[in-house]
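Visitor: Test case, fold it:
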Amino acid sequence: MIYLSLFWAFFKVGAFSFGGGYAMIPLIKKEIIDIHHWLSVDQFLDIIAISQMTPGPIAINAATFVGYKVGGFWGSAAATIGVTSPSFLIIIILALLIIRYRHLPWLDAFFKGVRPAVIALIVQAAYSVGKSSFTGIKDMLVAAVVFVGLYLLKINPLIIIVMAAILGIVIY
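Guide: You can find the predicted model right below:
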């Protein structure tokens, strides 16, 4: 049954990835492209782009869009519930444990160890998406313009998205 498959695929994504939406991208890609073949790489990249532009967490938006594409309304509900359930359950359990054991030094050490791993996951996600996205000089030009606008000129990201869309229409 497709709804159970969507729920379980996104439950695994939610349960085994840390660091937010960008860190989840490689696991989402593995589940929806490599394992289940629900989408093509181009469709996946489109969903990631849409997920970044719409309000809300990237992983939840991606789960909702993939679920809808694969199974309609109920598919989007199954995927969204699947990706959010592990976080909800883990946060409830961790909150109870942290309140009880917040004075232990190993807890601080745990969080210090997890932070660099999250950075590595984000870098891997950027590399994975970048490798598939940069197919020519035009792609690199758009990325360079966005980078300059965001980091050097400090332009609002919403304005950058609109400018990148216009640039894409002009050069493609």
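
Visitor: Please count neighbours and contacts with C-alpha atoms only from this point.
Guide: Will do.

Visitor: Which secondary structure elements does the helix or strand of the chain with the lowest mean pLDDT sit against?
Guide: Least confident helix or strand, the chain: helix 21-29 with a mean of 83, by mean pLDDT, DSSP states H and E. With contacts defined as 3 or more Cα pairs under 8 Å, 6 or more residues apart in numbering; DSSP states H and E, helix 21-29 has these neighbours: helix 2-16, helix 58-101, helix 105-133.

Visitor: Quick check: which of the ones you listed is nearest to Gly168?
Guide: Among the helices and strands packed on helix 21-29, helix 105-133 comes nearest to Gly168, with 13.2 Å by Cα to Cα.

Visitor: now that closest one against helix 58-101, angle please.
Guide: Interaxial angle, helix 105-133 versus helix 58-101 (axes from the mean of the first three to the mean of the last three Cα atoms, to 10 degrees): 170 degrees.

Visitor: what comes up buried for helix 105-133?
Guide: By neighbour count on 16 or more other Cα atoms under 10 Å, the buried set for helix 105-133 is 118, 121-122, 124-125, 129.

Visitor: Export those residues as CSV, with columns for distance to Ala77.
Guide: Output for the buried residues of helix 105-133, formatted as CSV (distance: Cα to Cα, whole Å):
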residue, distance to Ala77
Val118, 27
Leu121, 27
Ile122, 26
Gln124, 28
Ala125, 25
Val129, 26
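
Visitor: Which positions in the least confident helix or strand of the chain come out as buried?
Guide: By 16+ other Cα under 10 Å, the buried positions in helix 21-29 come out as 21-29.

Visitor: Specify which member of those is nearest to Ile160.
Guide: Using Cα to Cα, those come closest to Ile160 at Tyr22, 18.9 Å.

Visitor: remind me which residues of the chain are low pLDDT?
Guide: Applying pLDDT under 70 to the chain flags the ranges 19-21.
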